[in-house]
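[1] This is a predicted model, with the sequence first.
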Amino acid sequence: MGGDAVVNWFPGHMAAAIRAIRGRLKKWNPYFEACGEDCVSSNAHSKSSVRKILDLVEIKLKEVIAREPTLLVMVVGVPNVGKSALINSIHQISLSRFPAKT
């Protein structure tokens, strides 16, 4: 194997699932918006994507904090796409943006 060889470790079925999800998101995003809900597509390993989500969460918290004690957030994706990484990134970045009150 030469130095220019590229190893493709990403399984074909995962690539197919991601393509299918992207196609379906085009249908689901308008559905959620029609129901008055927000839907954000993101990359778990992109700080700008995580910040985009946190911006939305901050806006929503300000809207509902007087009425609701909690804010429901759903993270949806196929296996091994970074859902846990996204949640961990949100946690890390949110600690600096929303310091815990003692």
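    Arrived safely. Everything numeric here is computed off the predicted structure, so don't read it as measured data.
[2] Next, count neighbours for residue 26.
    9 (other CB atoms under 10 Å). In this view, the C-beta of every residue, glycine as well, is placed from N, C-alpha and C.
[3] any idea how far it lies from residue 35?
    Distance, residue 26 to residue 35, by CB to CB, to the nearest Å: 16 Å.
[4] and residue 30, what element?
    helix 12-34 (DSSP states H and E).
[5] Need the contact partners of that helix.
    Surrounding helix 12-34, the residues in contact under the criterion CB atoms under 8 Å, 6 or more residues apart in numbering are 38-39, 41, 77-78, 80-81.
[6] Please repeat the previous calculation with a cut-off of 6 Å.
    With CB atoms under 6 Å, 6 or more residues apart in numbering as the test, helix 12-34 has contacts from 39, 41, 78.
[7] can you pull the pLDDT of residue 61?
    Looking at residue 61, its pLDDT is 73.
[8] likewise residue 9?
    Confidence score, pLDDT, at residue 9: 64.
[9] Adjust the sequence numbering to begin at 49 for everything that follows.
    Let's use 49 as the start, then, which means that last one is residue 57.
[10] In CSV, list the contacts of helix 60-82 along with neighbour count.
    Below are the contacts of helix 60-82 laid out as CSV (neighbours: other CB atoms under 10 Å):
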residue, neighbour count
87, 15
89, 13
126, 13
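[11] Quick check: which of the residues you listed has the minimum pLDDT.
    residue 126 (71).
[12] Now stretch 90-108: buried residues?
    Using 16 or more other CB atoms under 10 Å as the test for burial, stretch 90-108 gives 90, 92, 97-98, 101-102, 105.
[13] From these, pick the one nearest residue 144.
    residue 102 (10.1 Å; CB to CB).
[14] Restrict the host helix or strand of the closest one to CA atoms and write it as PDB.
    Residue 102 belongs to helix 95-112 when elements are defined using DSSP H and E. Presented in PDB, the C-alpha positions along helix 95-112 are these (Å, rounded to 0.1, in the frame of the first residue of the first chain):
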ATOM      1  CA  LYS A  95     -18.700  23.900  17.700                       C
ATOM      2  CA  SER A  96     -20.600  26.300  15.500                       C
ATOM      3  CA  SER A  97     -23.500  23.800  15.200                       C
ATOM      4  CA  VAL A  98     -23.500  23.300  19.000                       C
ATOM      5  CA  ARG A  99     -23.500  27.100  19.500                       C
ATOM      6  CA  LYS A 100     -26.400  27.400  17.000                       C
ATOM      7  CA  ILE A 101     -28.400  24.900  19.200                       C
ATOM      8  CA  LEU A 102     -27.400  26.700  22.400                       C
ATOM      9  CA  ASP A 103     -28.600  30.000  20.900                       C
ATOM     10  CA  LEU A 104     -32.000  28.400  20.200                       C
ATOM     11  CA  VAL A 105     -32.100  26.800  23.600                       C
ATOM     12  CA  GLU A 106     -31.300  30.100  25.300                       C
ATOM     13  CA  ILE A 107     -34.100  31.900  23.300                       C
ATOM     14  CA  LYS A 108     -36.600  29.100  24.200                       C
ATOM     15  CA  LEU A 109     -35.600  29.100  27.800                       C
ATOM     16  CA  LYS A 110     -36.300  32.900  28.000                       C
ATOM     17  CA  GLU A 111     -39.700  32.300  26.400                       C
ATOM     18  CA  VAL A 112     -40.900  29.500  28.600                       C
END
